[in-house]
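**Q** Need a 3D model of the following:
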Amino acid sequence: MTGPSGGRGAAGSAARRLALALVTVLLGASTAATFQATAGGRRSERERDALAGALLRRGITRVHTDYWTCDRLAFQTRERIVCAVVGDDLRPGHDRYPPYRPAVEADPGAAWALPLGSPQAAALQRLLGQACPGRRPRAETLHGYLVVWPARLVRTAGCAAPLVPGANRQPRVTAARRLTSRRSACRPGRRGRGTGPCTAPCAAPGR
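**A** Residues are numbered from 1 along each chain as shown. Predicted coordinates:
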């Protein structure tokens, strides 16, 4: 028959074994999660390597993409490919290196390169279903990415407004520019007698 001290010892031993088992399970789960994350990271890196090669073979060196892809593409290709970051709604996102954006927006052959399953790719797929007749861009699935080019052919409002970030920007016209433009259109000869589309104020500058 086991005494009180023997019962307490057996209970303590069982508690220690249970604690050890729990620690073992947690360590195993942590190791598995770390392995999966590492494998996933390597797979993503291989996909981006393959994507970079596919883009270059197609002559695409300027892309609109997500933040992480943008950073890796520029680094892996030593800036042979540069990019502008877009958010979930395809509007301009946070650029790690802002000087890339003007280069992307100025390239008529720039492409969208968005990870499949991402909010950006879903938004782009919806817009592709509304492409203008005769202006449908080329679309391919390349190494886990939806690639669409030229990006300027993807539009948001019917067939009037391009979606490419920055494409709708209008040059700012200042009062000085308007005045210069009006004077350049008018070449007055003698006072009060202008040539071309002159008006009275143009014919008599300074008044």
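**Q** How many neighbouring residues does residue 128 have?
**A** Using other C-beta atoms under 10 Å, residue 128 has 16 neighbouring residues. In short, each C-beta sits where N, CA and C put it, glycine included.
**Q** Please identify which helix or strand holds the nearest residue to it once chain neighbours are set aside.
**A** What sits nearest to residue 128 in space, not counting adjacent residues and going by C-beta to C-beta, 6 or more residues apart in numbering, is residue 139, at 6.2 Å. In this structure, residue 139 sits in strand 138-142 according to DSSP states H and E.
**Q** Please point out which parts of that strand sit buried.
**A** If you call a residue buried by 16 or more other C-beta atoms under 10 Å, then strand 138-142 has these buried ones: 139, 142.
**Q** List the strands paired with that strand, with their directions.
**A** Strand pairing for strand 138-142, using DSSP bridges, gives strand 145-149 (antiparallel).
**Q** Go ahead and name everything in contact with the strand it pairs with.
**A** Strand 145-149 is contacted by residues 47, 51, 54-55, 58, 60, 69, 109-116, 121, 124-125, 128, 137-141, 154 when judged by C-beta atoms under 8 Å, 6 or more residues apart in numbering.
**Q** let's see it at 7 Å
**A** 51, 60, 109, 111-116, 121, 124-125, 128, 137-140, 154 (C-beta atoms under 7 Å, 6 or more residues apart in numbering).
**Q** and it, what's its mean pLDDT?
**A** Across strand 145-149, pLDDT averages out at 96.
**Q** what do you get for stretch 15-29?
**A** 66.
**Q** can you check stretch 119-136 too?
**A** 84.
**Q** what's the burial count for residue 57?
**A** Count around residue 57 with other C-beta under 10 Å applied: 9.
**Q** all strands of this structure, in order?
**A** In the chain, the segments counted as strands under DSSP state E are 62-65, 82-85, 111-115, 138-142, 145-149, 155-157, 161-162, 187-188, 194-195.
**Q** Dump the ones you listed into CSV; add distance to residue 75 as well.
**A** Conversion of the strands of the chain to CSV gives the following (distance: least, C-beta to C-beta, whole Å):
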stretch, distance to residue 75
strand 62-65, 13
strand 82-85, 11
strand 111-115, 15
strand 138-142, 19
strand 145-149, 17
strand 155-157, 31
strand 161-162, 29
strand 187-188, 55
strand 194-195, 60
